[in-house]
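# need the 3D shape of this:
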Amino acid sequence: MSKEYFAHPTAVIDDGCEIDEGVKIWHFSHIMPNCIIGERCNIGQNVVISPEVVLGTNVKVQNNVSIYTGVICEDDVFLGPSMVFTNVINPRSAVNRKAEYAKTTVKKGASIGANATIVCGNDIGKYAFIGAGAVVTKSIPDYALVVGNPAKQIGWVSEYGHKLQFNEEGQAICPETKQVYKITNNKVTKIDE
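Okay, here's the model as predicted:
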């Protein structure tokens, strides 16, 4: 039984792709061979998803994004307009380095802002927030807020993207959800109630 998804007539979907229910693929996007795209993903206009990329459930890919081989995006990831992943540390036109593609994982709930660049081999922690235009050159911890070139951490955010203010006991409350977070040894965790 085929799965129901929408692809604009100008989109190109190569053979061997697995595309789940409720996916939307918009104008002039190219989904290359053997990609896996989870339920309810939204692939914006002019997006390139290279071979064997994996997108989890409910990933939002905005316009003009390039997702290269070696990238895995877990559930609920947001990729802002014109952000870019790389997959080779030292690319040269005359040197074939396809066997050297580095892996990058963007963990559940993370957001990457417009025009950011993620240098390959650096994972993005769950619910991390990468500011617009940031250049990520190292792995980013869960819930971290990073900005700049090179990206530097300037704080922590909740699962809803609000900056967290920790008290003397190392606890913070999300202003929107009232979820409680704790910081211990420079690591943030959500306290389940």
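# how about this structure, which residue sits the furthest from its center?
Most distant from the centre of the chain: E168, at 32.3 Å, with distances by CA atoms, centre = their mean.
# and that one, how far from I183?
E168 sits 11 Å away from I183, going by CB to CB, to the nearest Å. Placement of C-beta: from N, CA and C, glycine included.
# low pLDDT regions in the protein?
1-2, 193 (pLDDT under 70).
# tell me the domain boundaries of it?
1-157, 164-193 (automatic domain parsing).
# deepest in the core, which of these is it.
domain 1-157 (a mean of 18; mean count of other CB atoms under 10 Å).
# which residues sit in contact with V147?
Applying CB atoms under 8 Å, 6 or more residues apart in numbering to V147 gives the contacts 131, 133-134, 154.
# so what's the closest residue to it other than its chain neighbours up against?
Closest residue to V147 apart from its sequence neighbours, by CB to CB, 6 or more residues apart in numbering: G131 at 3.5 Å. Residues near G131 by CB under 8 Å, 6+ apart: 113, 116, 145-148, 151.
# next one: G131 from K152, what distance?
G131 sits at a distance of 10 Å from K152 (criterion: CB to CB).
# what do those two both touch?
V146.
# pick out the most distant pair among the contacts of V147.
The largest separation in the contacts of V147, counting by CB to CB, is between G133 and I154 at 13.8 Å.
# among the contacts of V147, which ones are in strands?
I154 (DSSP state E).
# same list (the contacts of V147) but as a markdown table, adding distance to G16.
Output for these, formatted as a markdown table (distance: CB to CB, whole Å):
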| residue | distance to G16 |
| --- | --- |
| G131 | 35 |
| G133 | 35 |
| A134 | 33 |
| I154 | 42 |
